[in-house]
Every structure is written in structure tokens, then in C-alpha cells.
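> Build me a model:
(2 chains)
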2 protein chains.
Amino acid sequence: MAANEFDQLRVVLVAARNPLNIGAAARAMSNFGFLHLRVVNPYEAAFREARSAVGASALLASAEEYKTVAEAVADCTLVVGTTAVRHRELQHPLRRLEYGMRLIRKKLGSNRVALLFGSEKFGLSNAALSHCHWLMRIPTCEENISMNLGQAVAVCLYELVRNPKAVQQAEKQAPAAAREAERLTALLLDALDASGYLKRHPSPVAEAKARRFVRRLKLSARDAAVWLGMLRQIVWKLRANEGKPR
Amino acid sequence: MAANEFDQLRVVLVAARNPLNIGAAARAMSNFGFLHLRVVNPYEAAFREARSAVGASALLASAEEYKTVAEAVADCTLVVGTTAVRHRELQHPLRRLEYGMRLIRKKLGSNRVALLFGSEKFGLSNAALSHCHWLMRIPTCEENISMNLGQAVAVCLYELVRNPKAVQQAEKQAPAAAREAERLTALLLDALDASGYLKRHPSPVAEAKARRFVRRLKLSARDAAVWLGMLRQIVWKLRANEGKPR
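Now for the predicted structure:
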């Protein structure tokens, strides 16, 4: 999703009680690239100083304050409420986060969307809910359905930015070539011979076993080089000690 | 994912500084159905009383405490570290959360997996990282990559429980049948006639326009009934007033 589409989302916190939660919401927004926070009737006017807004103080300072939900969503064409409630007699369609965010993502290209979060204690009031087109719930467990406000904002925004096609992006270490594996096999056999291991565990196929054993390590080129160095030193020491009495 | 697979995950907080964050992590675990918390060297021994563990006090009380990362992950066959760092000279494969959790999900069926989170200030130390098979990062913005600990735990566990196939689960209202839409159209026309609207905006196709207009509302059966009641009352009042002088 392009950054200018993120620019169309308004996160609206309605009657949040704890300034730390407002700060935490701001931090999560900043983490995921959403910059427009709206606050309706916060319990504490001093929320803008919340220390929990790590890295998001500018976002918090520019938050827009409203007296009513109607004013806070007036310029939005889609208004979606979040709720933990599952079995209340809901007047709205209720969608799971995974599906709801898919719908919001489609809208964001050309529409301004408001995402509403209610107070920590009571969630969104029925009056606030009546401004919503539909509701969304995070798939929490029956045993503890209610999330912390800052965590709920983080999870919702993450669902919006997550990339279902993000696959293997690990910078894989280049694997060791057969040449290094073969050198390592030879050194290992040398060490086993010098240490007396091969005498104690004789095998007609010792070499093939060692080779398979080394291949199964699936070493990177870099790690193979380190193993080679370590084994060389060990073999050297073993051979150096060979003449000496034990 | 079955509940007993969740049972195989160990969330390991290493050197967490703020008991409120440990409590918040516990709350998020409980929200998403993960019950096994391990704590390595927390800064404050009194973390078990953290009030932020709303609905998760039992989970927090049963958290296991360890002196070292080695002990905390000893019984796990896969150890994954989380990091915000992106460009540090990493000794580990680094995977995005979406992909990393897919790998963890596959393992959880038959393996115990440890998911490590570092301290709020410094993340995981190099010593702690050396216990990990690979690392995972949450796809945060360059501008503010570092998440709050409790929020990071929430987002990671959400990724693990999210259901990519969760589609329309809204209990959709039954839509109104054509019969109701037709009744509503007739009542609307009646109201428009009685109010003088049709005289002021005459149209030879008024009925067809009204019918299309009503269809576009896509009313549910329940809402259609309410509209019918409202319009009946309005028409009744309009007609009752017809004989009276204005």
C-alpha cells in the first residue's frame, strides 16, 4: 500500500481515559506509518505530554481534538468502529480484523476512513457506534477478549500494513561449495584418526560416513571457513603431541 | 491452529526493565491464547504484581523465572529472537514477521518454540541473540522502527493466531424482499404527493425514479419495516392536515 493511502486513515480515540494509552496509540501509529490522530473528549487534557509516545511526539502534538464523534468523522466516507464485544445485540455488521482491514484497504485508495477506538473501560458507547458503518473485532480468546487500547491500535494497524506476500527476505548466507565440504571432511577424518577415535570406532565406510555427516551440517561458506580453521589447529596440536608420552 | 499447538510456544522476556511492560505482554498473551511466559533477569523482582496484566494475573503468577537465556530455552527445539534492527551486521537470517510466523506455525505442531524479546532500551544482547536460530522483525517504518515491548508481543502473537481465511463472518441482516421495497416506494410516493413535492418537481417517470431510489438503499428487512412505519405515520399526518388551513 502506498504511503499516500495511509495518509487517508484517521485513528479516532473516543473518551480515552489514560494519557499513557493515547501516547502508546500514537507510538504504534508512528511505527506503522499512520500520522493522523484524532481525539474525542479525552479524560485528561494533558495527554499531549504522554511519555509513552516514544518517537511519536510530533504526531501527538499535531493530534486534532474534537468535542463530538460527529465532528471527528465529518470528512470521512467510511467510519469503522472497533469492539471486543461479540454477542451483544449489535445493530451493525461485525467483521473480523483480517477481513475488515481488507475492505478498508480497498477504500483507502480514494476515500478517507475513520477507525474508532473506545474508552479503556467501556469501549465505544452506543451513541458513538451509531456513527459507524460497521464494526470490527480483533480475534481474541473468549477467556480474555478485551485488549489494552495501545495494543489494540498496534494490532489493527499492523494488519493494515502487513504484506501477505512477504516471504523469505532473509539475506541468506552463501552456502559452502563442495570443495570446502570435502576439505572439511578430510580434516575431520584426520582429527578422528589422530585422536584415536577411528581405532575405537572402526568402520570400513568411515570416510563416506564423515562425508555425509559434514554435508548434513549445511554450512555457509563463512562458517565452513571457521570450521576449517578450528579443525586445522586441532589436528596440528594432536599431531604435535603424537611423539610425546601421555 | 489447535490450542495444544499454542501450548508449545514459550514467550521469553529477557532483561525487561518495566514491570508494566511484562504485565502488558502477559495480557496480550492471554488475549491470544498463549499461556507460558518465561522471564530472564527482570530488572524489578516485583513484576508479578503488574497491574497492566488485566485478565492475565494467573498467567503472570505462573511465569517461570530464569537466570540465563540458556536455561530459559533449554527445552525448546527452535529459538527465535525478535529485533527492530535492520542493518546491523547480523549473524543470523532475518525474517519479516509474516514469513517468520509461518515457519514457527509449522514447527509448533511437534516442537517447543521459544520466542525471545529483549529489553525495552537495548533489545536482545549479542549474547542472547547467539542462542537464536534466526531472527524476526516487525515491519515497522524506518522513521520509528522501535516498538513498545507490550505492543510488539501483541503484534507478534496476533500474527500467529490470525486466520488468513477469515472472511465475511458478519451476521448479515436479511435483506428486505421486493414486496417491502415496493410498499416503501408506494408510501414514499404518497408522502411526496401529500407534501406537494411532486407538484414542485413534476416528472413523468416519478414512480420509476422513486422505485430505483428505494432499491439503491439496499435496506435490511428490519430497517425496511422501520422505514415503513415512519413513512406511514408521516403520510397519515400529512393527509390529516390536508383539510386544515395553513
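> From residue A:31, how far out is the residue positioned nearest the centre of chain A?
Ranked by distance to the mean C-alpha position of chain A (C-alpha atoms, centre = their mean), the top residue is residue A:158 at 7.6 Å. With the distance defined as C-beta to C-beta, to the nearest Å, residue A:158 ends up 9 Å from residue A:31. Any C-beta I mention is one placed from the backbone N, CA and C, and that applies to glycine too.
> joint contacts of these two?
When contacts are counted by C-beta atoms under 8 Å, 6 or more residues apart in numbering or on different chains, the set common to residue A:158 and residue A:31 consists of residue B:138.
> near chain B at all, stretch A:212-220?
No. Where contact is defined by C-beta under 8 Å from any C-beta of the partner chain, no part of stretch A:212-220 touches chain B; the two come within 9.9 Å at best.
> and the helix or strand containing residue A:179, what other elements does it pack with?
Applying DSSP states H and E as the criterion places residue A:179 in helix A:178-195. Judged by 3 or more C-beta pairs under 8 Å, 6 or more residues apart in numbering or on different chains; DSSP states H and E, helix A:178-195 is in contact with helix A:197-200, helix A:206-215, helix A:221-240.
> Touching that helix from outside, list them.
Everything outside helix A:178-195 that qualifies as a contact, by C-beta under 8 Å, 6+ apart, is A:176, A:197-198, A:206-207, A:210-211, A:213-215, A:219, A:221, A:224-225, A:227-228, A:231-232, A:234-235, A:238-239, A:242.
> With stretch A:37-53 instead?
Here stretch A:37-53 has contacts from A:10-27, A:29-30, A:59-69, A:72, A:114, A:119, A:128, A:150, B:148, using C-beta under 8 Å, 6+ apart.
> So what's the residue count around the residue nearest to residue A:146 when sequence neighbours are not counted?
Excluding the flanking residues, the one nearest residue A:146 by C-beta to C-beta, 6 or more residues apart in numbering or on different chains is residue A:84, at 4.6 Å. Taking other C-beta atoms under 10 Å in any protein chain shown as the criterion, the count of residues near residue A:84 is 16.
> need the contact list for residue A:84.
Going by C-beta under 8 Å, 6+ apart, residue A:84 touches A:123, A:137-138, A:140, A:145-147.
> Which member of those is positioned nearest residue A:92?
Ranking the contacts of residue A:84 by separation from residue A:92, with C-beta to C-beta as the measure, puts residue A:137 on top at 11.0 Å.
> show me the residues around the closest one that make contact.
Residue A:137 sits next to A:82-86, A:94-97 when contact means C-beta under 8 Å, 6+ apart.
> now swap in residue A:116 and tell me
Residue A:116 makes contacts with A:12, A:14, A:69, A:73, A:79-82, A:124, A:128, A:131-132, as judged by C-beta under 8 Å, 6+ apart.
> where's residue A:114 relative to chain B, distance?
Taking C-beta to the nearest C-beta, to the nearest Å as the criterion, residue A:114 is separated from chain B by 19 Å.
> that's a strand at that residue, yeah?
Yes. Counting by DSSP: H, G, I helix; E, B strand; the rest coil, one finds residue A:114 located in a strand.
> For beta bridges, what are the partners of it?
With DSSP bridges applied, residue A:114 shows beta-bridge pairing to residue A:10, residue A:79.
> Report the buried members of the contacts of helix A:178-195.
Judged by neighbour count, with 16 or more other C-beta atoms under 10 Å in any protein chain shown as the criterion, the buried members of those are A:176, A:198, A:210-211, A:214, A:219, A:224, A:227-228, A:231, A:234-235, A:238.
> quick check, nearest of the residues you listed to chain B?
Sorting the buried ones among the contacts of helix A:178-195 by distance to chain B puts residue A:219 at the head of the list, at 13.9 Å, by C-beta to the nearest C-beta.
> OK, contacts around residue A:30?
Taking C-beta under 8 Å, 6+ apart as the definition, contacts of residue A:30 comprise A:53, A:55-56, A:59, B:141, B:143-144.
> thinking again about what came up before, give me the pLDDT value at the residue nearest to the centre of chain A.
What the model reports as pLDDT for residue A:158 is 97.
> was I right about it contacting residue B:152?
No. Here residue A:158 does not reach residue B:152: they are 9.9 Å apart, not a contact under C-beta atoms under 8 Å.
> Now do the shared contacts for these two.
Counting by C-beta under 8 Å, 6+ apart, the contacts common to residue A:158 and residue B:152 are residue B:138.
> Test my guess that residue A:115 contacts residue A:8.
No. The pair residue A:115 and residue A:8 fails to qualify as a contact (C-beta under 8 Å) at a distance of 10.9 Å.
> more neighbours, these two?
The neighbour count for residue A:115 versus residue A:8, taken as other C-beta under 10 Å, is higher for residue A:115 (27 against 19).
> and the gap between that one and residue A:101?
According to C-beta to C-beta, residue A:115 stands 9 Å off from residue A:101.
> hey, what's in contact with both of these two?
residue A:156.
> just to revisit the earlier point, including neighbour count and secondary structure, could the contacts of residue A:116 go into JSON lines?
Compiled in JSON lines, the contacts of residue A:116 are given as follows (neighbours: other C-beta atoms under 10 Å in any protein chain shown; DSSP: H, G, I helix; E, B strand; the rest coil):
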{"residue": "A:12", "neighbour count": "27", "secondary structure": "strand"}
{"residue": "A:14", "neighbour count": "26", "secondary structure": "strand"}
{"residue": "A:69", "neighbour count": "26", "secondary structure": "helix"}
{"residue": "A:73", "neighbour count": "25", "secondary structure": "coil"}
{"residue": "A:79", "neighbour count": "22", "secondary structure": "strand"}
{"residue": "A:80", "neighbour count": "24", "secondary structure": "strand"}
{"residue": "A:81", "neighbour count": "26", "secondary structure": "strand"}
{"residue": "A:82", "neighbour count": "23", "secondary structure": "strand"}
{"residue": "A:124", "neighbour count": "23", "secondary structure": "coil"}
{"residue": "A:128", "neighbour count": "25", "secondary structure": "helix"}
{"residue": "A:131", "neighbour count": "20", "secondary structure": "coil"}
{"residue": "A:132", "neighbour count": "23", "secondary structure": "coil"}
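> Run through who's touching the lowest-mean-pLDDT helix or strand in chain A.
Evaluated with mean pLDDT, DSSP states H and E, the helix-and-strand set of chain A has its lowest mean pLDDT in helix A:3-6, which scores a mean of 75. Where contact means C-beta under 8 Å, 6+ apart, the residues beyond helix A:3-6 that reach it are A:33-35, A:105, A:108-109, A:160-161.
> Identify, from those, the entry nearest to chain B.
Where these are concerned, and distances follow C-beta to the nearest C-beta, chain B has its nearest neighbour in residue A:33, at 4.6 Å.
> and residue A:39, helix, strand or coil?
When classified by three-state DSSP, residue A:39 comes out as strand.
> What of residue A:34?
Recorded secondary structure, residue A:34: coil (three-state DSSP).
> correct me, but it touches residue A:12?
No. Counting by C-beta under 8 Å, residue A:12 is not a contact partner of residue A:34; they are 11.8 Å apart.
> dump the residue contacts of the residue nearest to residue A:149 when sequence neighbours are not counted.
Once flanking residues are discounted, residue A:149 sits nearest to residue A:21: 4.2 Å by C-beta to C-beta, 6+ apart. When the contact criterion is C-beta under 8 Å, 6+ apart, the partners of residue A:21 are A:52, A:120, A:148-150.
> and the gap between residue A:21 and residue A:51?
Applying C-beta to C-beta, the value for residue A:21 to residue A:51 is 12 Å.
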